[in-house]
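Q: Here is my input; please provide its structure:
(chains A, B, C and D)
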Number of protein chains: 2
Amino acid sequence: MVDRALALADVEGLDAVTIRRLAQEFGVTPMALYWHVRNKDELLDAMGDRLFADIDVDALASTGPWQQQLRRLVAALVAALRAHPAAAMLGAQRVLFCESGWELAERTLQLLVKAGFEVGMACDIASYAMQTAVMLVVRRPGEPTTAVDEREAITTAKRTVLAQLPRDRYPLLVESAVALTSVDDEEAYYRFGIDLFIAGIEGIRPKGAKRPS
Amino acid sequence: MVDRALALADVEGLDAVTIRRLAQEFGVTPMALYWHVRNKDELLDAMGDRLFADIDVDALASTGPWQQQLRRLVAALVAALRAHPAAAMLGAQRVLFCESGWELAERTLQLLVKAGFEVGMACDIASYAMQTAVMLVVRRPGEPTTAVDEREAITTAKRTVLAQLPRDRYPLLVESAVALTSVDDEEAYYRFGIDLFIAGIEGIRPKGAKRPS
DNA sequence: ACCTGAACACCGTTCAAGT
DNA sequence: ACCTGAACACCGTTCAAGT
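A: Alright, predicted model coming up:
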């Protein structure tokens, strides 16, 4: 049922995931679902939890310098969310409330503390990391609530608007109409986002941080 | 009407903003609103646009080194979104489609190009900046769709769950139950987020970048 | 120019009842 | 243990009609 809901979200957007629609997919009456799930929120939570299920923290954060470990963790998180972009935002509220999320969070905190950050700072960074991963996935163009069919139309419409702006007032916007409304290389896009995050972390880290381990 | 909708979102969450509810607030029948707005999406768009209305780009990005200008722009964006946290996410899809958003975007691109980034990279950074600002505001705890009344209850519930986790498996999570579920100093939180962003940008910038201006 | 009434196709959810 | 029927209080939206 959770998988079916995720599949539905992937194709038609998160808004299409309704109790009634899901029941229809199962060839069953809407009320039947209430036997398996307490209410819709519980279903959405379960969808969020599922996102983290396949992340193998141990394999990611055991060897190498902390920057690389952190990068691998964030990259794995992003990859997990990318599997279901429409549902990715559900993950943000669920990391701290499911087994696999705990594993991920604890490891990240551990890693940051070992790197010399104090616990409070490690918490801020870990939260920021999670939010950044979600942000990268739930990004432009086309809200996650949109069906895949409409996405392309929305994108070109947006692009057209930008391209027709007055050139004298907004030269860079007009020039960048395409670049601002689409992502040509997905992998490069995510690499850039993660690079930026890691660079930020390294940038704010106190220079003479001790390494207790 | 847009202001009323924002006010409603502030108090009861974005989910409370419905055509029918809004009509009720105005002491009018739901269908009356369709005279002033084509449909609900148009209303949400207008709410998103309103968020940028008070940003005075010229005052922010005219003097000083580019890092400071960029910081001021992002800070102003964050401040603008913070005025209506529940509606902040609406801004993300609207920056490129309203007057004040264009002003903001063009200025940011301009600034980045002057700083030595090529136009494509400047676009990526500007998009990232916008997303980061939204992310910082639409953050934990309590989804933007939640009413203010419920927020506190949700927060303490989450905290309790974390505090009761097995200490041997998740020592850092248990220790950080409070830190992970709340923000004690709002200003420090936002400063941290913006610092991290700026540090990232400086980190990825090519060292010998030329300064054409 | 601005609003209403009636109607339609959707929601989530409860609760008693069926097998 | 698992599902249904009927019902309720909500949505957004259209369209003809009122003033």
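Q: The residue nearest to the spatial centre of chain A is in what secondary structure piece?
A: With distances taken as CA atoms, centre = their mean, A:Val134 lies nearest the centre of chain A, 2.5 Å away. Taking DSSP states H and E as the criterion, A:Val134 maps to helix A:119-137.
Q: And for A:Thr63?
A: With DSSP H and E as criterion, A:Thr63 is part of no helix or strand.
Q: ok, and the closest non-adjacent residue to it?
A: If the residues on either side of it in the chain are set aside, A:Thr63 comes closest to A:Gln69, at 7.7 Å by CB to CB, 6 or more residues apart in numbering or on different chains. (C-beta placed from N, C-alpha, C; glycine too.)
Q: Excluding chain neighbours, what is closest to the closest residue to DNA strand D within chain A?
A: Residue nearest to DNA strand D within chain A (CB to the nearest atom of the strand): A:Thr29, separated by 3.1 Å. Distances taken as CB to CB, 6+ apart place A:Ala23 nearest to A:Thr29, at 6.0 Å, with adjacent residues excluded.
Q: Tell me which residues touch the closest residue to A:Arg167 other than its chain neighbours, please.
A: Sequence neighbours aside, A:Val174 is the residue nearest to A:Arg167 in space, at 5.2 Å (criterion: CB to CB, 6+ apart). Contact analysis of A:Val174 by CB atoms under 8 Å, 6 or more residues apart in numbering or on different chains lists A:Leu162, A:Ala163, A:Leu165, A:Arg167.
Q: give me the number of residues near the third one?
A: Around A:Leu165 sit 16 other residues, with neighbours defined as other CB atoms under 10 Å in any protein chain shown.
Q: same check, this time on the last one
A: The burial count assigned to A:Arg167 is 11, neighbours taken as other CB under 10 Å.
Q: Helix or strand: which one has it?
A: Counting by DSSP H and E, A:Arg167 is found in no helix or strand.
Q: measure it to DNA strand C for me?
A: As judged by CB to the nearest atom of the strand, to the nearest Å, A:Arg167 and DNA strand C stand 35 Å apart.
Q: and that residue, what pLDDT?
A: pLDDT, the model's per-residue confidence, is 96 for A:Arg167.
Q: Likewise for the first one?
A: What the model reports for A:Leu162 is a pLDDT of 95.
Q: again, but for A:Ser182
A: pLDDT, A:Ser182: 88.
Q: Point out the residues in chain A that sit beside DNA strand D.
A: Contact residues, chain A versus DNA strand D (CB under 7 Å from any atom of the strand): A:Ala23, A:Val28, A:Thr29, A:Met31, A:Ala32, A:Tyr34, A:Trp35, A:His36.
Q: residues contacting the closest residue to the last one other than its chain neighbours?
A: Think A:His36. Excluding the flanking residues, the one nearest A:His36 by CB to CB, 6+ apart is A:Met1, at 6.0 Å. Going by CB under 8 Å, 6+ apart, A:Met1 touches A:Leu22, A:Phe26, A:Leu33, A:His36, A:Val37, A:Leu43.
Q: Buried only: go through these for me.
A: Buried by 16 or more other CB atoms under 10 Å in any protein chain shown: A:Leu22, A:Leu33, A:Val37, A:Leu43, out of the contacts of A:Met1.
Q: Export those to JSON lines and append columns for pLDDT, distance to DNA strand C and secondary structure.
A: Supplementary listing: those in JSON lines, determined by pLDDT from 0 to 100; distance: CB to the nearest atom of the strand, whole Å; DSSP: H, G, I helix; E, B strand; the rest coil:
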{"residue": "A:Leu22", "pLDDT": "98", "distance to DNA strand C": "8", "secondary structure": "helix"}
{"residue": "A:Leu33", "pLDDT": "98", "distance to DNA strand C": "8", "secondary structure": "helix"}
{"residue": "A:Val37", "pLDDT": "97", "distance to DNA strand C": "8", "secondary structure": "coil"}
{"residue": "A:Leu43", "pLDDT": "98", "distance to DNA strand C": "8", "secondary structure": "helix"}
